[in-house]
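Chemist: Sequence below, structure please.
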Amino acid sequence: RGLGVSREGVQLQVLTIEAIGPANVSLIVDCLTDNKLRTLQAIKFLLKESRANVIDVAYLFFRKGRLFYTLNTGLPEPQPKLSEVYEETIEKAMETDGVEDVVLIEEGDGEGKLPGISVTTAPELANTVFMEEISPKLKVERIAVEWVAKDDTMIDPVSEGTPDDWDKLRGLIGLIILSTDEIELRLTISC
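Modeler: Residues are numbered from 1 along each chain as shown. Here you go, the predicted model:
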């Protein structure tokens with residue numbers, strides 16, 4: 001998929017759908033698909049079933065480049081600890097043009113992510129930062145330009161919406177993720 005072609009050799013296309021979902025949560029759904037029309041119809045159907053509305057919400061988000069590094073397992077023994085590598089590399093990373101933030105992700109943090117180091121950049125500089133080696137002890141696991149919700153647009157699930165709204169939203173998220181295409185989903189929920 002990294003080449004824009006499916007396993008079957010079909011050209012893949014990017015489709016972005018913006019919506020307001022249950023509990024007034026803003027959603028941006030980025031899809032990598034071999035059939036834009038089919039995917040658009042499928043996602044719109046799921047949104048309609050959950051009483052969500054397709055509407056422009058991109059202004060509630062901004063784009064950021066994200067690089068995720070893990071320990072380079074090809075290093076000679078003994079393997080360094082991730083926290084030690086983080087301390088060694090944070091200064092070099094912050095001196096690299098385009099780097100805005102460096103965060104240590106410990107095991108179990110985030111959304112079940114691997115332990116590693118997350119580097120945030122301006123979207124147009126993600127590739128430039130990728131080309132810089134911030135440490136030979138790290139390898140790039142993932143590089144992406146992502147939608148990030150603005151802090152002042154975040155919705156608190158405790159104080160806003162009804163339990164029914166949140167159940168509908170959970171159901172919608174599950175159905176979107178289970179669709180057959182490659183999906184990236186961004187929401188304005190503070191946790």
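
Chemist: Pro22 contacts Gly161, correct?
Modeler: Yes. With contact defined as Cβ atoms under 8 Å, Pro22 counts as touching Gly161 (6.9 Å). In this view, the C-beta of every residue, glycine as well, is placed from N, C-alpha and C.

Chemist: Spit out the residues that contact those two alike.
Modeler: Residues touching both Pro22 and Gly161 (Cβ atoms under 8 Å, 6 or more residues apart in numbering): Leu169.

Chemist: ranges for the strands of this protein?
Modeler: Taking DSSP state E, the strands of the chain run over residues 13-20, 26-33, 53-54, 61-71, 99-105, 116-121, 138-149, 182-187.

Chemist: buried stuff in the last one?
Modeler: Residues Ile183, Arg186, Leu187 are the ones in strand 182-187 that count as buried (16 or more other Cβ atoms under 10 Å).

Chemist: between these, which is closest to Ile173?
Modeler: Leu187 (7.7 Å; Cβ to Cβ).

Chemist: Nearest to the spatial middle of the chain, which residue is it?
Modeler: Residue closest to the average C-alpha location in the chain (Cα atoms, centre = their mean): Glu146, at 5.3 Å.

Chemist: just to revisit the earlier point, make a markdown table from the strands of the chain and add mean pLDDT to it.
Modeler: A markdown table is the format used below for the strands of the chain (pLDDT from 0 to 100):
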| stretch | mean pLDDT |
| --- | --- |
| strand 13-20 | 92 |
| strand 26-33 | 90 |
| strand 53-54 | 94 |
| strand 61-71 | 91 |
| strand 99-105 | 89 |
| strand 116-121 | 90 |
| strand 138-149 | 88 |
| strand 182-187 | 77 |
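
Chemist: Distance of Ile177 relative to Ile17?
Modeler: 14 Å (Cβ to Cβ, to the nearest Å).

Chemist: Neighbour count for the two, which is higher?
Modeler: Using other Cβ atoms under 10 Å as the criterion, Ile177 and Ile17 rank with Ile17 on top: 17 against 10.

Chemist: Tell me which residues touch the more buried one, please.
Modeler: Ile17 neighbours (Cβ under 8 Å, 6+ apart): Leu27, Ile28, Val29, Cys31, Leu40, Ile43, Lys44, Leu47, Val54.
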